[in-house]
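A.B. asks: Here you go, sequence then predicted model.
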Amino acid sequence: MTKLWGGRFTKPTNKLVEEYTSSIHFDQKLALQDIEGSIAHVEMLGACDIIQSNEVMEIKEGLLTIKEKVKKGDVTFSVEHEDIHMNIEKLLIDEIGPVGGKLHTGRSRNDQVATDMHLYLREKTKGLMELVEAVQSSLVEQAEQHVETILPGYTHLQRAQPVSFGHHLMAYFWMFERDKERLQDSLKRINWSPLGAAALAGTPYPIDRQMTSDALGFDQPYPNSLDAVSDRDFILEFLSISSIMITHISRLSEELILWGSQEFQFVELDDAFCTGSSIMPQKKNPDVPELLRGKTGRIYGHLMGLLTLLKGLPLAYNKDMQEDKEGMFDTVETLEGALSLLAPMLASMQVKGDQMKHAVNEDYSNATDIADYLAVKGMPFREAHEVIGKIVLYSIQQKKYLLDLTLEEYQDFSPLFEADIYEKLNPNQVVAARNSEGGTGFDQVHKQIQLAKEHLS
Ligand code: ARG
């Protein structure tokens, strides 16, 4: 088969080389973006009198026909034509004849591929933002029902202070809120148009880059043609944002797995989101959060891969850059899958408030509050800390919890203790009291949920 670039060659390409250098098996995902870019380009060529208006019409119609066929899955792409750009150009020439060959006037695959990827990532970024919102909505919904559900809060995975379960869930809401903001902010940089940078240096044709930029909905053309075709920082940024987001997803998943274990029994995932064991009949496994946690590796890998790919490349285009796509596609698809599952899984999760409460009643996580009690009565906090440390040690030795000690026992440690200590130690009161801004106090959590809803609407 003759190559679109075959003129200066005397031999056919080695078959292995053809296979090895071809990207059509993955870049066909860019088919629609490629056609969209080509339509903008050809209309501009016509408007600038670089080709004739009847030629524009023919090319445009040809491209639209191919677009329909692509949508129906009615085209065959071939390795001989290397990548999506040349495959579509070949399909166009087959469809409308030699005039199709005028499409590539004043452009190169180098600005073309960069344009396609900008269009692809812009659309996907917006889609991901919506999927993040769905996860956030599930979190708010659950949080709202569990403002007053209390569970142990942990540091070092040791019980620390009791917190509202709604508060705990809302922590993830804000992480996802920042992820969404980062995606939004990245759109500013995704939204520049590389089209018209041509191979690397621009073109002698009197093209109008502003026109194609506008037609494709970009904010402006890249001001430097070398930059436009050489950098992939918009993908790096996407992969960085995605890495941060999958970290959040992974931590949340880890908690769901822990909470669902026999040891915690704080939540139970819906049967529809769990799987069984082929040998152990009793098992109900949290495969989904485990996989979400596991997907982290591939996204970090794609970020590292692209950073490494780019670090030593001289300007401008190098074939190495063809390797920029699969990681990007895989990251988009991995996140789409993760977020789509996370939203309904969270919404359908059963929260075992009794079990959480039971845990809170069997720990020493109200110890800080006794220290605060003494501090309020005038004892320096550091000294109070020491006294309560001794009380905790005593209680552990007596196999008692702090609420079980008698007032006399308390008074043996300090005469400042009075009967009101018991009310202060009640877990509900312990949580409610933390009413500082952004704290776990119920009023604060309600306020936070209100604010979150404003962010969502
Ligand atoms: N398939 C190529 C890629 O994805 C398109 C650009 C090819 N340009 C070139 N000069 N060979 O990078």
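C.D. replies: The structure has been received and is ready for your questions.
A.B. asks: Tell me where the chain has strands.
C.D. replies: Taking DSSP state E as the test, the strands found in the chain are 150-155, 158-164, 192-193, 220-221, 267-268, 350-351.
A.B. asks: Would you mind giving the orientation angle of the longest one with respect to strand 150-155?
C.D. replies: Relative orientation of strand 158-164 and strand 150-155, computed by axes from the mean of the first three to the mean of the last three CA atoms, to 10 degrees: 140 degrees.
A.B. asks: about what we covered before: now mean neighbour count, distance to Y120 and mean pLDDT too, for the strands of the chain, in JSON lines please.
C.D. replies: Yep, even glycine has a C-beta here, placed from its N, CA and C like the rest. As requested, the strands of the chain are arranged in JSON lines below (neighbours: other CB atoms under 10 Å; distance: least, CB to CB, whole Å; pLDDT from 0 to 100):
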{"stretch": "strand 150-155", "mean neighbour count": "20", "distance to Y120": "41", "mean pLDDT": "96"}
{"stretch": "strand 158-164", "mean neighbour count": "20", "distance to Y120": "42", "mean pLDDT": "95"}
{"stretch": "strand 192-193", "mean neighbour count": "22", "distance to Y120": "14", "mean pLDDT": "98"}
{"stretch": "strand 220-221", "mean neighbour count": "16", "distance to Y120": "18", "mean pLDDT": "98"}
{"stretch": "strand 267-268", "mean neighbour count": "19", "distance to Y120": "37", "mean pLDDT": "98"}
{"stretch": "strand 350-351", "mean neighbour count": "14", "distance to Y120": "39", "mean pLDDT": "98"}
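A.B. asks: do you know which of those lies nearest the ligand?
C.D. replies: The ligand sits nearest to strand 192-193 of all these, at 16.8 Å, using CB to the nearest ligand atom.
A.B. asks: Can you tell me the strand partners of the closest one and which way each runs?
C.D. replies: strand 220-221 (parallel) (DSSP bridges).
A.B. asks: what's the partner strand in contact with?
C.D. replies: The contact list for strand 220-221, computed with CB atoms under 8 Å, 6 or more residues apart in numbering, reads 192-196, 209-210, 212-213, 228.
A.B. asks: Any of those buried? List them.
C.D. replies: A residue is treated as buried here by neighbour count (16 or more other CB atoms under 10 Å); on that basis the buried members of the contacts of strand 220-221 are 192-196, 209, 212-213, 228.
A.B. asks: can you map out the helices along the stretch 1-150 of the chain?
C.D. replies: Here the stretch 1-150 of the chain has its helices, by DSSP state H, counting those that start in this stretch, at 15-21, 24-27, 31-47, 53-72, 84-96, 109-145.
A.B. asks: I'd like those laid out as JSON lines, including distance to E409 and mean pLDDT.
C.D. replies: As requested, the helices of the stretch 1-150 of the chain are exported to JSON lines (distance: least, CB to CB, whole Å; pLDDT from 0 to 100):
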{"stretch": "helix 15-21", "distance to E409": "79", "mean pLDDT": "94"}
{"stretch": "helix 24-27", "distance to E409": "71", "mean pLDDT": "98"}
{"stretch": "helix 31-47", "distance to E409": "73", "mean pLDDT": "98"}
{"stretch": "helix 53-72", "distance to E409": "77", "mean pLDDT": "98"}
{"stretch": "helix 84-96", "distance to E409": "77", "mean pLDDT": "98"}
{"stretch": "helix 109-145", "distance to E409": "38", "mean pLDDT": "98"}
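A.B. asks: For these, could you give me JSON lines that also reports distance to the ligand?
C.D. replies: Written out in JSON lines, the entries for the helices of the stretch 1-150 of the chain read as follows (distance: least, CB to the nearest ligand atom, whole Å):
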{"stretch": "helix 15-21", "distance to the ligand": "8"}
{"stretch": "helix 24-27", "distance to the ligand": "6"}
{"stretch": "helix 31-47", "distance to the ligand": "10"}
{"stretch": "helix 53-72", "distance to the ligand": "17"}
{"stretch": "helix 84-96", "distance to the ligand": "6"}
{"stretch": "helix 109-145", "distance to the ligand": "4"}
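A.B. asks: Right, I'll call it a day here.
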